[in-house]
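J.: Sequence below, structure please.
(chains A, B, C and D)
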2 protein chains.
Amino acid sequence: MKRKITLKQIAKELDVSISTVSKALRNSIEISEDTREKVQAFAKLYNYRPNNIALSLKNRKTKTIGVIIPEIVHHFFSKVIQGIELVANKRGYNVIVGLSNESFAKEVINMQMLANGSIDGFILSIAKETLQQQDYHHFNETISQGMPIVMFDRVIHEINCDKVIIDDMKGSKNAVDKLLRNGCKNVAIITTKDYVSVGRLRTQGYLQALEEYKMSPDAKLILKVDDELVSEDHLDSLEVEIESLFKENQNIDGVFAVNELYAIIAMKVARKMGLKIPDDIQFIGFTDGVLSKHATPSLTTVSQHGQQMGEKAADLLINKLENEEEEEFFETIVIETNLIERESTK
Amino acid sequence: MKRKITLKQIAKELDVSISTVSKALRNSIEISEDTREKVQAFAKLYNYRPNNIALSLKNRKTKTIGVIIPEIVHHFFSKVIQGIELVANKRGYNVIVGLSNESFAKEVINMQMLANGSIDGFILSIAKETLQQQDYHHFNETISQGMPIVMFDRVIHEINCDKVIIDDMKGSKNAVDKLLRNGCKNVAIITTKDYVSVGRLRTQGYLQALEEYKMSPDAKLILKVDDELVSEDHLDSLEVEIESLFKENQNIDGVFAVNELYAIIAMKVARKMGLKIPDDIQFIGFTDGVLSKHATPSLTTVSQHGQQMGEKAADLLINKLENEEEEEFFETIVIETNLIERESTK
DNA sequence: TTGGCGAGCGAAAACGTTTTCGTGTTAAAA
DNA sequence: TTTTAACACGAAAACGTTTTCGCTCGCCAA
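T.: So this is what the prediction gives:
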C-alpha cells in the first residue's frame, strides 16, 4: 500500500535536490549524463509519474474538458461523447461529464462544480428547462470569467461562443421533400413544443417543404407532443394521441417525426391499425439511432452525425484553449445531415 | 475577461492577510465579526469560489472518480454511468470517463492518465481484449498504489477489489426455464465466445436449465458468435449464421440470446422465414434496453438493472474512500435480475 | 508594577511540480 | 598565477489553499 512516489522522495533517496531530479527526468542538458541516467533508472524502477494535480496548479490548466449534457442514456448524446472523447484523448485531454437531466438547477450546479478550476473549458447542450426559462446567466458568467464554452445541438445564438449545430430546418425539409416526392399527399408531423429550438426549427422545415410543393399546411396534421409524456414509461398516452391523429385524418399517407422514438411509435400504431408500410403510409424520423436501424420495417431517418459533432466541438474547444491569441472570434460549424433511406419509405 | 479571484487578491484589496481571508470565509471564531462580514461581503461580490485544484493538492484527494468502460454508445453502460453520476453528485463527487473501446492498450493508457492524481478511485468494466489476453497487471498496480477499484459486470474474481455483478448464470437459467415452462422443446442459444465471462456464464445457465428439465444439450443449437461480426455494420453475416442455424434445425421453438441485439436480429430472421412469434417460436434476450422495449413484437428480456449497478458501485467506492480504516475488506454485491415479460414469449 | 490571558490577526509550511537564477568547482585561457 | 567560462547542481518562488503556531495588543487580577 505504498503511496505514489514523488520528486521529493526520489531526491532524498539519491541525495540530490528536487530540481536536479526534475531536470534529469526532463532530459535537461544542465544535468550530467551520469546523474540523468541514475535518476531516470530510479524513477523507472519506482514507476514515477508526475502528479497531475500539481501540474494543473502550476500550469493553471488542467487538460480536462467538462461536458454537460441533458441525459446520457440516449443514442445521440452518447455518440457525441464518444466523438468528444476520441479527439480529446488524441490531443491529451480528459473528459469529465455532468448530467443536467434537463433540469436548470442541476445544470447550474454542475457548471459551478466544474468551473472552479477543475476544467479548462465546457462543451454542452442546453437543458430543456433552461431553454424554457430562458435564464442564461450561468453561461455568460462562465464565459466572462475567461472559460470558453462550445455549445452543440441545443444552442443559444445570442451567447457569444463557438457552436456546432446541424441545419435542422434543412434536414427536416429534405425529409419532407422526400415524402412528397414519393407521392405523399398528406404528410403529418409529430413534433415537440416550440421552446425546444430544434423542435421548432424542424417544424419550420416541414412547413417550408410543403410551401415549396404549393401545399398549404393543415393544423390538424401537426401534432405537438408535450414532453412530459415521453418521460420513460408514459408513452402510452403518446400512442393514444397518435392513434387519434390517424383516426381523425384517415388520409394521412406520410409521417415525419422529430425524433426516432416518435416515429417508431407512430409506425407501431399504424401497423396496429392495419396500414401497410411503406405502401399505405411512409415514415421518416429525425436523429438516427439504434432503434431506426433495427426496427421492422427499418426507419428512414435524418442522420445527425452525433460523433462528428462531438469531434468538431472538441477540436473547436481545444483550439481555443491552445490559442493564446484571445481574438474573440467565434465560429458556428454546421454539420450536414443526410437522409438514410430504409424500408419505411418507398 | 477577468480571471477568477483568489484569496491573495481579496487579501490585498482588503489589506489583511491571506490567512485572515481564508478563516473569515470559513466563519472561524478567530476572526472578529467586523472583519468576517467585510471579507464575506467582498467575496460574495466578486463571486469567489475556492480553487478546486489547489484544494485537491492540499487535501490529497480530488473528490473525483474515474470510470472506464468499453463503450458508451450502449444502453447498459450509459445506464450504469447515469447511476454512478447520480450518487457521485449526491455525495459531492465528480465523474470523469474514459473509454477503452474494448482495447487493452487504451484501457491501460486511460488508467495511467487518470491514476496520476486526477482521481481518487476507479469504477470500471473490463475490455474484451483484456479479458482475452488475461493481462491484469494494470489493475494490480493501481490497487497496490493505494487507489481503490470497483469492478462491475465484467470482473476478474482473482483481483482483490469490490465488485458489483449480476448472477448471470441464474438470470439466464431463469430465462431458459421460462421458455421450457412455456412448452419449448428445442431451445437454441446465441452466445459469444467463451472468453467473455458473462457469455460463458450465461451459456452455463442455459445448460443448467436444460439439465433440470432432463434435456440433453444439443451442440448444434449452441451458436457462439465471433465478436468481430458485431462491429457496427457487419451484422449481415450474423444474420446469415442465424438463418442457417434455423434452417438446419427446423425444430427450434425457443431462442435465448445473450444480448438484446442478437435476439432482435434472430427475431427478424425468424419472421423473414415466415415463423410466427411467439406461436411458432419464442424469444428471450439478456440485457434490457431500448430495442427490446420498442421492437415488434417487443422482446422479453432479463433486466440487468444497469442504473442500480452504477449506484451500488459508486456507493461502494465512495464508502471505501471515506473510510480511513483500511480494513482490506472487499465486497461483491450481486444485483438480482428479473425477467421482463413482453410479447416475444407466450 | 507585574503576570497572565484572551482576542485578533499574520507568517509560514505543506501539497508536488517547473523554472529561473544563482553558486561553487574545475579546466582552459591570459 | 589570475581571470574566465563552462559545467553541474541547488535554492527558492510560484500556482491557491488550509492550518498550526506565534505574536501583539489590551485588559484584568494579584
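J.: Chain B contacts on the stretch 101-250 of chain A?
T.: Taking C-beta under 8 Å from any C-beta of the partner chain as the contact definition, the stretch 101-250 of chain A meets chain B at A:Asn110, A:Gln112, A:Met113, A:Leu114, A:Ala115, A:Asn116, A:Gly117, A:Ser118, A:Glu141, A:Ser144, A:Gln145, A:Gly146. Yep, even glycine has a C-beta here, placed from its N, CA and C like the rest.
J.: For the stretch 201-346 of chain A, which segments count as strands?
T.: Taking DSSP state E, counting those that start in this stretch, the strands of the stretch 201-346 of chain A run over residues A:222-225, A:254-257, A:282-286, A:300-303, A:332-335, A:338-340.
J.: Take those strands and write them to a markdown table, including mean neighbour count.
T.: Putting the strands of the stretch 201-346 of chain A into a markdown table (neighbours: other C-beta atoms under 10 Å in any protein chain shown) gives the following:
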| stretch | mean neighbour count |
| --- | --- |
| strand A:222-225 | 18 |
| strand A:254-257 | 28 |
| strand A:282-286 | 28 |
| strand A:300-303 | 25 |
| strand A:332-335 | 16 |
| strand A:338-340 | 16 |
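J.: Tell me the bridge partners for A:Leu99.
T.: Taking DSSP bridges as the rule, A:Leu99 bridges to A:Ile69.
J.: follow-up on the earlier one: buried ones among the residues of the stretch 101-250 of chain A next to chain B?
T.: Using 16 or more other C-beta atoms under 10 Å in any protein chain shown as the burial test, those include A:Asn110, A:Met113, A:Leu114, A:Ala115, A:Asn116, A:Gly117, A:Ser118 as buried.
J.: Could you identify the most distant pair in these?
T.: The two members of those with the most space between them (C-beta to C-beta) are A:Asn110 and A:Gly117, at 14.8 Å.
J.: Would you mark the buried spots in the helix or strand bottoming out on mean pLDDT in chain A?
T.: Of all helical and strand segments in chain A, the minimum by mean pLDDT, DSSP states H and E falls on helix A:235-248, at a mean of 90. Residues of helix A:235-248 classed as buried: A:Leu235, A:Leu238, A:Glu241, A:Ile242, A:Glu243, A:Leu245, A:Phe246 (neighbour count, 16+ other C-beta under 10 Å).
J.: Can you get me a residue count around the closest residue to A:Ile72 other than its chain neighbours?
T.: Once flanking residues are discounted, A:Ile72 sits nearest to B:Ser78: 4.8 Å by C-beta to C-beta, 6 or more residues apart in numbering or on different chains. B:Ser78 has 25 neighbours, counted by other C-beta atoms under 10 Å in any protein chain shown.
J.: May I see the buried ones among the residues of the stretch 101-250 of chain A next to chain B organised as JSON lines, with distance to A:Lys320 added?
T.: Supplementary listing: those in JSON lines, determined by distance: C-beta to C-beta, whole Å:
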{"residue": "A:Asn110", "distance to A:Lys320": "21"}
{"residue": "A:Met113", "distance to A:Lys320": "22"}
{"residue": "A:Leu114", "distance to A:Lys320": "17"}
{"residue": "A:Ala115", "distance to A:Lys320": "16"}
{"residue": "A:Asn116", "distance to A:Lys320": "20"}
{"residue": "A:Gly117", "distance to A:Lys320": "18"}
{"residue": "A:Ser118", "distance to A:Lys320": "18"}
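J.: Mind picking the one among those residues that's closest to B:Asn251?
T.: Relative to B:Asn251, the closest of these is A:Asn110; by C-beta to C-beta it sits at 55.4 Å.
J.: Which strands and helices lie in contact with the host helix or strand of that closest one?
T.: If you go by DSSP states H and E, A:Asn110 is part of helix A:104-115. For helix A:104-115, the packing partners by 3 or more C-beta pairs under 8 Å, 6 or more residues apart in numbering or on different chains; DSSP states H and E come out as strand A:64-69, strand A:94-99, strand A:121-124, helix A:128-133, helix A:137-144.
J.: Make JSON lines from these and add distance to A:Val302 to it.
T.: Output for the helices and strands packed on helix A:104-115, formatted as JSON lines (distance: least, C-beta to C-beta, whole Å):
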{"stretch": "strand A:64-69", "distance to A:Val302": "20"}
{"stretch": "strand A:94-99", "distance to A:Val302": "25"}
{"stretch": "strand A:121-124", "distance to A:Val302": "23"}
{"stretch": "helix A:128-133", "distance to A:Val302": "20"}
{"stretch": "helix A:137-144", "distance to A:Val302": "28"}
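J.: need those in JSON lines with mean pLDDT and distance to A:Asn174, can you?
T.: Formatted as JSON lines, those follow (pLDDT from 0 to 100; distance: least, C-beta to C-beta, whole Å):
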{"stretch": "strand A:64-69", "mean pLDDT": "98", "distance to A:Asn174": "26"}
{"stretch": "strand A:94-99", "mean pLDDT": "97", "distance to A:Asn174": "32"}
{"stretch": "strand A:121-124", "mean pLDDT": "98", "distance to A:Asn174": "27"}
{"stretch": "helix A:128-133", "mean pLDDT": "94", "distance to A:Asn174": "25"}
{"stretch": "helix A:137-144", "mean pLDDT": "95", "distance to A:Asn174": "31"}
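J.: What is the burial count for the residue lying closest to A:Leu221 once chain neighbours are set aside?
T.: Excluding the flanking residues, the one nearest A:Leu221 by C-beta to C-beta, 6+ apart is A:Ala188, at 4.2 Å. The tally of other residues near A:Ala188 (other C-beta under 10 Å) stands at 26.
J.: Okay, and the beta partners of A:Ala188?
T.: Beta-bridge pairing for A:Ala188 (DSSP bridges): A:Val255.
J.: That one: what's it in contact with?
T.: Counting by C-beta atoms under 8 Å, 6 or more residues apart in numbering or on different chains, A:Ala188 touches A:Leu221, A:Ile222, A:Leu223, A:Leu245, A:Asn249, A:Ile252, A:Gly254, A:Val255, A:Phe256.
J.: what about 10 Å?
T.: A:179, A:206, A:218, A:220-223, A:242, A:245-246, A:249, A:251-257, A:266, A:281 (C-beta atoms under 10 Å, 6 or more residues apart in numbering or on different chains).
J.: Over to A:Leu201?
T.: A:Ile165, A:Ile166, A:Asp167, A:Asp168, A:Met169, A:Lys170, A:Gly171, A:Ser172, A:Lys173, A:Thr191, A:Asp194, A:Val258.
J.: Equivalent analysis for A:Asn59, please.
T.: By C-beta under 10 Å, 6+ apart, the contact list for A:Asn59 reads B:Ile53.
J.: and if you look at A:Glu341?
T.: Shown in contact with A:Glu341 (C-beta under 10 Å, 6+ apart): A:Lys178, A:Ile284, A:Ser298, A:Thr300, A:Thr301.
J.: Just the pLDDT for it.
T.: The model reports A:Glu341 with a pLDDT of 96.
J.: What's the separation between it and A:Gly183?
T.: As judged by C-beta to C-beta, to the nearest Å, A:Glu341 and A:Gly183 stand 15 Å apart.
J.: now A:Val258
T.: A:Val258 is 22 Å from A:Gly183, where distance means C-beta to C-beta.
J.: the more surrounded of the two?
T.: Using other C-beta under 10 Å, the more surrounded residue of A:Val258 and A:Gly183 is A:Val258, with 29 against 10.
J.: didn't that one look like it was pressed against A:Thr301?
T.: No. Using C-beta atoms under 10 Å, A:Val258 is not in contact with A:Thr301; the gap is 11.1 Å.
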